[in-house]
Structures are given as structure tokens and as C-alpha cells.
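Peer 1: Sequence first, predicted model second:
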Amino acid sequence: MRVLRVVVVVLAGFAAVRGAAAQVEPHAQPPPPILGDLVDVSEEFEQPDQVHFVASRVPAFDPAAGLGLLQWDRYLRQPSYSFNKMDVGFVRAAANEFPETEYDRDPALRFEISFVSPRTGRLRFFTRDLPPAERRAAIDRADRPAGSPADAR
């Protein structure tokens, strides 16, 4: 009787493993996305042709105002082979925009540090180099609903 019980447990274990393997077949399609699902952006960082901007240094910072410049260096992922092993590391990338003089290869853009409460800080990184007045106007335009009376100006 004990041998029969062991055989049943082993067969049940094989069935469970087989069933689990059937659910993760390589050709299985993921379920379609549903509105409100979380978006996984990590797949974009694994693509080999993506350009990565990495914060490298702070050329200027005013501690009293909490404003500064942050230099972003441009990198690509490139495979390298050594000792029968392949690594995919970061290498410096050249500028790929046309014309080459129009955009910086390694832009230095503004950032801002402010405190919301005594225990909470806010970091703002700006992706365009706009003067503060134009930046405030751009933020105000983005916050207004479309078709508001202020758009008629």
C-alpha cells in the first residue's frame, strides 16, 4: 500500500511539472494588454540599438536657489567578446542627428531641487533648454484643457 502511495505521489508530481511546462512554451502568446495595465518600459532598455543618456557630472549648481546644470553623456550598448564569453557593455556614442552642429552630443540641461516638505524633496530634470519664463509658459499651456478661452490668444 505504501509503494502504491509513493507511485501516485510521483506520478502527480510529473503531471504537475508537465502542466507547468505546457503553460510556458516558447510559442505561447502573452495575453492582450488591457486598458489600465502597467506598462513595462524595461524592454526598451534591453534593445541593442537604443541610445542611453547617462548623467555624468554637474558643471554648475547654485545651492541657494536649488538650480543647476547636469551633463548627460551619450552611450550605446555594444557586445564585446573575451575568453569565450560575450558581454554587452556601454560605449560612448557619436552624435547621430543632422546637421551635427544643431544638437549637442552630450547636452548639459537644467535640473532643479526643491523641498515639498521637511522630509520630501523633488528633483526636476528638464529635457529641453528653455529659459525660465518660456518654461513656465509651456507648463501653463500643457496644464490648460484644450479649447479653453486662453487658447484664443
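Peer 2: Received it, and whenever you're ready, just let me know what you need. Numbers count the residues shown, from 1 in each chain.
Peer 1: Looking at this protein, which strand is longest?
Peer 2: If each strand of the chain is counted by residues according to DSSP state E, the longest one is strand 67-82.
Peer 1: What segments of this structure are strands?
Peer 2: Counting by DSSP E, the strands of the chain are 51-62, 67-82, 85-92, 108-117, 120-125.
Peer 1: CSV for those, including mean pLDDT, distance to Pro30 and mean neighbour count?
Peer 2: From N, CA and C alone the C-beta is placed, and that goes for glycine too. Below are the strands of the chain laid out as CSV (pLDDT from 0 to 100; distance: least, CB to CB, whole Å; neighbours: other CB atoms under 10 Å):
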stretch, mean pLDDT, distance to Pro30, mean neighbour count
strand 51-62, 93, 26, 12
strand 67-82, 91, 24, 15
strand 85-92, 90, 24, 10
strand 108-117, 92, 36, 14
strand 120-125, 94, 32, 10
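Peer 1: Just put those in TSV and tack on distance to Asp40.
Peer 2: Converted to TSV, the strands of the chain look like this (distance: least, CB to CB, whole Å):
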stretch	distance to Asp40
strand 51-62	17
strand 67-82	18
strand 85-92	20
strand 108-117	26
strand 120-125	22
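Peer 1: Which of those strands sits closest to Gly36?
Peer 2: strand 120-125 (26.4 Å; CB to CB).
Peer 1: circling back to that earlier point, note down every partner strand of the longest strand of the chain and its orientation.
Peer 2: When sheet partners are counted by DSSP bridges, strand 67-82 sits next to strand 51-62 (antiparallel), strand 85-92 (antiparallel), strand 108-117 (antiparallel).
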